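Here is my input, please return the structure:
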Amino acid sequence: MSSPISKQTLVIAGIIVNVFSQPDAAMPSDPVDVLFLLHGRMGSQADSEPIARGILDVVHEKRKNELARGAKADDLIVVTFDQRNHGTRLVDELANLHWTDDPKDPKHNVRHAIDMYAIQTGTASDVSFLMDFLPAYLYPNDERRVGQWMVAGVSLGGHASWIVLKNDPRVKLGIPIIGCPDYLALMSARAAAHHIPLGPPHFPASLLAYIRAHDPAAAPHTSAAAPGENPFWGKKVLVLCGAADELVPWAAGERFVRELEVGGEGRKEWVVEEGTGHRCSEEMVRRAGEFLWKEALVRA
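Purely as a prediction, here's the structure:
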């Protein structure tokens, strides 16, 4: 049986933030680890809630079983919020849509490549911003301290998770779910399927230049000789994909993931789930919870 899960809502500089936790975990003097959980395109943080609860249930079972054997573990809280232009932050519905085969279709978003990259990059910035201020909102009397910052995300949230892992050295663990670390590999294939060239107006030169300079795939992620230059060095990464995913196929990010160097202190795992399309399965939720427990929460 799962333990009760509490939900606290905060407003941080206009961003509505939900914080999920289990009240029966560690002592207040122990650190609390924070997992940001990012939803997918055309969704909202409401889509993240069952995943957050599922992860906390997995952690609760691990805690109940392993603490009885003398292990110690940090608390976990899961934080959700609406990505830019989604949910309570929605401004332009068209900006969340994609290309269609008919340019005259009112649902054809010529700026699909621009909008999607801008949203996931902005969301990654939001994660770093919330890391700066969330502790003060949660613990105004310094009741707790944050031990570790972590990120997970589904689909568009998975893309953003890769950007967070690359950009913010405070985030030591990431679980991209049906996401892709190589934006041009993903979008080139998608554009080709719609007979769209990699040029303006769909891919302006300014956008391509930004992606080629700042995308996770542009970072020296294969570097082991100079780990200080590799932003993923020492990080723990679990990649979860569906073998039958046609929207964000494993092939788009496979080379990056296989070549990714995280060093001896890091950890890299990937699972391509047979028969699963573009969705976060119950098995993915289970694996995410177990990875968090093993690689972040439990202490000998």
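
Quick check: residue 163 touching residue 118?
No - with contacts counted by Cβ atoms under 8 Å, residue 163 stays clear of residue 118, the gap being 11.6 Å. C-beta coordinates here come from the backbone N, C-alpha and C atoms, glycine included.

and the two? which has more neighbours close in?
For residue 163 and residue 118, the more surrounded residue by other Cβ atoms under 10 Å is residue 163, and the numbers stand at 28 against 16.

Please name the nearest non-neighbouring residue to that one.
residue 124 (3.9 Å; Cβ to Cβ, 6 or more residues apart in numbering).

Give me the local confidence score for the one you found.
On the pLDDT scale, residue 124 is placed at 98.

Got phi/psi on it?
Residue 124 has phi and psi values of phi -60, psi -40 when expressed as degrees, to the nearest 10.

list the contacts for it?
160, 163, 164, 167, 168 (Cβ atoms under 8 Å, 6 or more residues apart in numbering).

How about residue 40?
Contacts of residue 40 by Cβ under 8 Å, 6+ apart are 47, 153, 154, 155, 156, 157, 158, 178.

Closest one of those to residue 198?
Distance ranking of these against residue 198, using Cβ to Cβ, places residue 156 first at 20.6 Å.

ok, that closest one touching residue 84?
No - applying Cβ under 8 Å, one finds residue 156 not in contact with residue 84, separated by 10.2 Å.

intersection of neighbour lists for the two?
Contacts common to residue 156 and residue 84, judged by Cβ under 8 Å, 6+ apart, are 119, 123.

What segments of the stretch 201-300 of the chain are strands?
For the stretch 201-300 of the chain, applying DSSP state E, counting those that start in this stretch gives strands covering 236-242, 267-273, 298-299.

Roughly how far does residue 113 sit from residue 11?
Distance, residue 113 to residue 11, using Cβ to Cβ, to the nearest Å: 32 Å.

Which one of the two is surrounded by more residues?
Neighbours per residue, other Cβ under 10 Å: of residue 113 and residue 11, the larger number sits with residue 113, 27 against 9.

My reading is that the more buried one lies in a helix. Confirm?
Yes - Residue 113 forms part of a helix when assessed by DSSP: H, G, I helix; E, B strand; the rest coil.

any weak-confidence spans in the stretch 1-150 of the chain?
Scanning the stretch 1-150 of the chain for pLDDT under 70 picks out 1-3, 24-29, 68.

wait, I meant the stretch 201-300 of the chain
300.

show me where it has helices.
205-214, 250-259, 282-292 (DSSP state H, counting those that start in this stretch).

just the ones you listed: most buried one?
Using mean count of other Cβ atoms under 10 Å, the stretch among the helices of the stretch 201-300 of the chain with the largest mean neighbour count is helix 282-292, at a mean of 20.

now the angle from that one to strand 236-242?
On the basis of axes from the mean of the first three to the mean of the last three Cα atoms, to 10 degrees, helix 282-292 is oriented at 180 degrees to strand 236-242.

Show me what helix 282-292 is packed up against.
Using 3 or more Cβ pairs under 8 Å, 6 or more residues apart in numbering; DSSP states H and E as the contact test, the elements touching helix 282-292 are helix 45-66, strand 171-177, strand 236-242, strand 267-273.

export those to JSON lines and tack on distance to residue 293 and mean neighbour count?
Output for the helices and strands packed on helix 282-292, formatted as JSON lines (distance: least, Cβ to Cβ, whole Å; neighbours: other Cβ atoms under 10 Å):
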{"stretch": "helix 45-66", "distance to residue 293": "4", "mean neighbour count": "20"}
{"stretch": "strand 171-177", "distance to residue 293": "11", "mean neighbour count": "26"}
{"stretch": "strand 236-242", "distance to residue 293": "12", "mean neighbour count": "25"}
{"stretch": "strand 267-273", "distance to residue 293": "13", "mean neighbour count": "16"}
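
Nice, that's everything, thank you.
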